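A.B. asks: Pasting a predicted model and its sequence here:
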Amino acid sequence: MAHQLGLNLPSRTALGRDAFFVAPSNAMAMAMIDGWRGWAGGKLALTGPQGSGKTHLTHVWADLSGAQIISATELLAADIPALARGPVAVEDVHLIAHDAAAQTALFHLHNLVLAEGQALLLTGTGSVAHWGLTLPDLVSRMRGATAVEMDAPDDALLSALLVKLLADRQLTPKPELINYLMTRMDRSFAAAIALVDRLDAASLAQKRPLTRALAAQVLDIAPPQT
């Protein structure tokens, strides 16, 4: 049987280049990551909705560049001068919208990284203008960064995302199940992530394989006719 049942195995998220599905909605972002040595001003802002693949691309870039990855919310506890000695990726910048101290730390990191001739990748949900930053000097630096947005998924990308998320949980769905899910779920990255979490939990709790009947139960709709 292709399914893992009854074992609460940890999810292993595949974050390598080979696991990243390139589609029209993210092709520009992938191209910018590949061409990172040519970023204007040595920095790039990667934007998009939750679950759009920003973290995956960040790890792809880290593999290419040797960059360290840090969450914006962890900057206050970080050794900023040490971080600035190499390429750096700062994730989820929008989460420090109301944290003046963290914004100041990011401002200093930004300046030190570029002064060292290194590269800086910044990620956040929504456009840079909607990250809610309030430190004027940092806002001006962010406005000067080239920004590339990862768009909402098309059918090919959403299907690939579902397959990948299930594979990360050691689940191998049949193609008809993917089609069944796509016609009934909210069509967003965040919805795909939440749905797979629920499917995995239900499969483990009930010790049942991943079928359309189980999917119907999770989606709270009438089960498919057999």
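C.D. replies: Okay, I see it.

A.B. asks: Helix, strand, or coil at I69?
C.D. replies: Per DSSP: H, G, I helix; E, B strand; the rest coil, the local secondary structure of I69 is strand.

A.B. asks: Tell me if I'm right that it and V60 touch.
C.D. replies: No. Between I69 and V60 there is no contact under C-beta atoms under 8 Å: 11.1 Å. In short, each C-beta sits where N, CA and C put it, glycine included.

A.B. asks: Between those two, which is the more surrounded one?
C.D. replies: V60 (21 against 16; other C-beta atoms under 10 Å).

A.B. asks: pLDDT (mean, whole number) over stretch 54-68?
C.D. replies: Stretch 54-68 shows an average pLDDT of 91 in the prediction.

A.B. asks: Need the contact partners of that stretch.
C.D. replies: Outside of stretch 54-68, the residues within contact range by C-beta atoms under 8 Å, 6 or more residues apart in numbering are 15-17, 19-20, 26, 29-30, 33-34, 36, 46-48, 69, 83, 86-89, 91, 119, 121, 123, 150.

A.B. asks: Just the buried ones out of these, please.
C.D. replies: Buried subset of these (neighbour count, 16 or more other C-beta atoms under 10 Å): 15, 17, 20, 26, 29-30, 33, 36, 46-48, 69, 83, 87-89, 91, 119, 121, 123, 150.

A.B. asks: Filter these down to the ones in strands?
C.D. replies: L46, T47, G48, I69, V88, A89, E91, L121, T123 (DSSP state E).

A.B. asks: Now the two most distant members of these.
C.D. replies: G48 and V88 (19.7 Å; C-beta to C-beta).

A.B. asks: Nearest to S159 among the ones in strands among the buried ones among the contacts of stretch 54-68?
C.D. replies: Distances from S159 to these, taken by C-beta to C-beta, are shortest for G48, at 18.3 Å.

A.B. asks: What sits closest to that closest one if chain neighbours are left out?
C.D. replies: Once flanking residues are discounted, G48 sits nearest to M150: 3.3 Å by C-beta to C-beta, 6 or more residues apart in numbering.

A.B. asks: need the contact list for that neighbour.
C.D. replies: By C-beta under 8 Å, 6+ apart, the contact list for M150 reads S25, N26, A29, L46, T47, G48, P49, S52, G53, K54, L57.

A.B. asks: List the contacts of the third one.
C.D. replies: Looking back up the chat, that one is A29. Counted by C-beta under 8 Å, 6+ apart, A29 has contacts L46, G48, G53, L57, V148, E149, M150.

A.B. asks: and the least confident of these?
C.D. replies: Among those, G53 has the lowest pLDDT, at 78.

A.B. asks: can you pull the contacts of that residue?
C.D. replies: Contacts of G53 (C-beta under 8 Å, 6+ apart): F20, N26, A29, M150, F189.

A.B. asks: Nearest to L133 among the residues you listed?
C.D. replies: For the contacts of G53, the nearest to L133 is M150 (19.9 Å; C-beta to C-beta).

A.B. asks: Can you give me the distance of that closest one to L112?
C.D. replies: Look at M150 and L112: by C-beta to C-beta, to the nearest Å, they are 28 Å apart.

A.B. asks: excluding its backbone neighbours, what's nearest M28?
C.D. replies: In space, M28 is closest to V148, 5.5 Å off (C-beta to C-beta, 6+ apart).

A.B. asks: Helix, strand, or coil at the one you found?
C.D. replies: Assignment for V148 (three-state DSSP): strand.

A.B. asks: rewinding a little: which ones among the contacts of G53 are found in helices?
C.D. replies: Under the assignment DSSP state H, the contacts of G53 contribute A29, F189 to helices.
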